[in-house]
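Asks: After the sequence you'll find the predicted model.
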Amino acid sequence: MSVDVLIVGLGPAGASAAAAAARAGARVLAVDRRAEPGCPVQCAEFVPAALAGETSAVARSAVQEIAAMETCLGTGAPVRTPDFRGVMIDRARFDAALVEDALAAGAEVMTGVALHGIDPDGTVVVADRTMRPRVVIGADGPRSTVGRLAGLPNRALAEARQITVPLLAPHDATDIFLSADIEGGYGWLFPRGEEANLGLGVVPHARDRLKPLLEDLHARLVRQGRVGETATRLTGGKIPVGGMVGPVGRIGPVEVLLAGDAAGLTHPITGAGIAAAVLSGRLAGEAAADMAAGRSDAADDYAEDLHDLYGPSLGLAVRQRQALMATYDNGGQPTEADLRRAWIAFPEYRQDKTQTPATEAKEPA
């Protein structure tokens with residue numbers, strides 16, 4: 001069959017890429033190894049408010065508005081930061097809405113289908129179909145098959161575990177729990193109506209502590225009368241924390257673009273990645289359509305766009321993360337001052353000695 005653009009993965013990045021490439025006139029096939037994209041949910045389900053201007057899928061999957069972030073550090077009162085407004089979504093509905101948009105744009109979609117490889121001559125076999133796409137977009141997550149085949153894997157990953165718990169009183173903020181015991185990560189309580197996502201992330205070598213740490217945080221919130229004891233919808237996954245990968249490469253004669261988690265666009269401090277996935281997916285789809293039409297500089301323009309959009313903020317996050325992890329690597333534990341410097345809600349986070357005021361990084365909306 002004739003395909004201009006093959007997209008691997010139908011999460012926010014892949015579905016956004018499929019819609020954009022199809023709207024631009026490319027012949028698009030998007031595949032996902034899961035029978036139902038977005039399931040099981042492996043996400044805290046928060047998106048920044050600005051994402052609603054990029055896709056109507058936010059409104060179509062909204063569960064609750066978020067007014068602020070509250071950061072809990074030590075025994076003091078939570079620090080409320082009103083600049084982090086957003087929306088809690090139903091991630092399965094969100095992904096389904098994006099796939100609907102891709103289909104409406106004219107993309108072909110196949111689920112329950114995995115990509116295993118690309119032949120040296122550029123031939124791809126998907127299910128029982130053989131094709132030679134002009135461009136492949138890797139939007140297949142943190143452990144991207146496309147990224148691995150292109151020699152562009154995510155090399156730094158965190159481990160996360162999350163449960164859903166009853167929320168005993170309405171809450172309008174995402175709660176963050178910082179502790180030296182949570183190595184390379186943090187805990188979170190994200191409200192979604194009458195329930196909340198309660199989770200925790202750590203570096204891989206501390207994965208054995210994930211379950212007891214999350215149980216301790218759950219018990220603490222039960223004692224405070226904030227959540228119920230029942231835990232449902234257990235999930236987990238890996239989060240890229242090493243910064244941008246690629247995002248342009250080749251597999252034999254086939255040009256490759258990476259988007260979303262596959263491109264390492266997840267924020268190395270917060271783990272947030274949905275907004276970057278949607279935007280990078282759209283840009284990748286547009287670039288892929290241009291590449292298929294013979295525009296030779298489209299791939300370089302895509303890479304430049306991503307570096308302009310995310311390079312400064314990801315670079316700052318990587319540096320602050322490395323500074324925090326150096327404390328553990330040297331046999332110590334971070335102080336509260338160290339934890340403040342490594343969290344985006346505190347002004348210390350942006351006091352990066354390697355940047356001048358003119359180039360100071362800001363978080364993308």
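Replies: Perfect, I can see it now.

Asks: who touches the residue sitting nearest the centre point of the chain in this structure?
Replies: Closest residue to the average C-alpha location of the chain: residue 273 at 2.5 Å, with Cα atoms, centre = their mean. Shown in contact with residue 273 (Cβ atoms under 8 Å, 6 or more residues apart in numbering): 239-240, 260-261, 265-267. Quick note: C-beta positions are derived from backbone N, CA and C, even for glycine.

Asks: switch to 6 Å and redo it
Replies: Residue 273 makes contacts with 261, 266, as judged by Cβ atoms under 6 Å, 6 or more residues apart in numbering.

Asks: From the chain's centroid, how far away is the helix or strand residue 93 falls within?
Replies: Assigned by DSSP states H and E, residue 93 belongs to helix 91-105. Relative to the centre of its chain, helix 91-105 is centred 17 Å away, using Cα atoms, centre = their mean, to the nearest Å.

Asks: Residues in contact with whichever helix or strand comes after it: which ones?
Replies: Counting by DSSP H and E, the next helix or strand C-terminal to helix 91-105 is strand 108-111. Defining contact as Cβ under 6 Å, 6+ apart, one finds that strand 108-111 is touched by 29-32, 35, 103.

Asks: Kindly report the same for stretch 217-227.
Replies: By Cβ under 6 Å, 6+ apart, stretch 217-227 touches 165, 187, 229.

Asks: The last one belongs to a strand?
Replies: It stands for residue 229. No. Assessed with DSSP: H, G, I helix; E, B strand; the rest coil, residue 229 is coil; it does not lie in a strand.

Asks: show me the contacts for it.
Replies: Contacts of residue 229 (Cβ under 6 Å, 6+ apart): residue 222.

Asks: Would you mind checking which of the contacts of stretch 217-227 is nearest to residue 123?
Replies: Checking the contacts of stretch 217-227 against residue 123 with Cβ to Cβ, the nearest one is residue 187 at 47.0 Å.

Asks: any idea which helix or strand carries the closest residue to the closest one other than its chain neighbours?
Replies: Excluding the flanking residues, the one nearest residue 187 by Cβ to Cβ, 6 or more residues apart in numbering is residue 177, at 3.6 Å. In the assignment (DSSP H and E), residue 177 maps to strand 173-178.

Asks: just residue 242 next, same as before
Replies: Counting by DSSP H and E, residue 242 is part of no helix or strand.

Asks: List phi and psi for the nearest residue to it once chain neighbours are set aside.
Replies: Of all residues not flanking residue 242 in the chain, residue 156 sits nearest, at 3.0 Å (Cβ to Cβ, 6+ apart). Main-chain torsions, residue 156, degrees, to the nearest 10: phi -120, psi 120.

Asks: all strands for the stretch 201-350 of the chain, in order.
Replies: Taking DSSP state E, counting those that start in this stretch, the strands of the stretch 201-350 of the chain run over residues 232-240, 248-251, 254-258.

Asks: can you put those strands in a markdown table and add mean pLDDT and mean neighbour count?
Replies: Shown next, in a markdown table, are the strands of the stretch 201-350 of the chain (pLDDT from 0 to 100; neighbours: other Cβ atoms under 10 Å):
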| stretch | mean pLDDT | mean neighbour count |
| --- | --- | --- |
| strand 232-240 | 94 | 17 |
| strand 248-251 | 96 | 19 |
| strand 254-258 | 98 | 27 |
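
Asks: of those, which approaches residue 318 most closely?
Replies: strand 232-240 (10.9 Å).

Asks: Could you tell me the angle between the longest helix along the chain and strand 254-258?
Replies: The longest helix of the chain (DSSP state H) is helix 298-329. Interaxial angle, helix 298-329 versus strand 254-258 (axes from the mean of the first three to the mean of the last three Cα atoms, to 10 degrees): 50 degrees.

Asks: can you pull the buried residues of helix 298-329?
Replies: 298-299, 301-303, 305-306, 309-310, 312-321, 324-325, 327-328 (16 or more other Cβ atoms under 10 Å).

Asks: Could I get the contacting residues of the residue lying closest to residue 101 once chain neighbours are set aside?
Replies: Nearest residue to residue 101 in three dimensions, chain neighbours excluded: residue 19, at 4.8 Å (Cβ to Cβ, 6+ apart). Contact partners of residue 19, counting by Cβ under 6 Å, 6+ apart, are 101-102, 105.

Asks: which one of these is nearest residue 52?
Replies: The closest of those, once distances to residue 52 are taken by Cβ to Cβ, is residue 101, at 14.3 Å.

Asks: can you pull up the bridge partners for residue 47?
Replies: According to DSSP bridges, the partner residues bridging residue 47 are residue 87.

Asks: okay, now it: neighbour count?
Replies: 28 (other Cβ atoms under 10 Å).

Asks: The one 5 residues further on too?
Replies: In terms of burial, residue 52 registers 15 neighbours under the definition other Cβ under 10 Å.

Asks: roughly how far apart are it and residue 318?
Replies: Noted for residue 52: a distance of 28 Å to residue 318, by Cβ to Cβ, to the nearest Å.

Asks: what does residue 56 give?
Replies: 33 Å.

Asks: swap in residue 72?
Replies: On the measure of Cβ to Cβ, residue 72 and residue 318 end up 25 Å apart.

Asks: For the stretch 151-300 of the chain, just list every one of the helices.
Replies: 210-223, 274-292, 298-329 (DSSP state H, counting those that start in this stretch).

Asks: next one: the first one to chain centre, how far?
Replies: To tie it back to what came earlier, the one meant is helix 210-223. That offset, for helix 210-223, works out to 25 Å (Cα atoms, centre = their mean).

Asks: now do stretch 127-135
Replies: Worked out by Cα atoms, centre = their mean, stretch 127-135 lies 27 Å from the chain centre.
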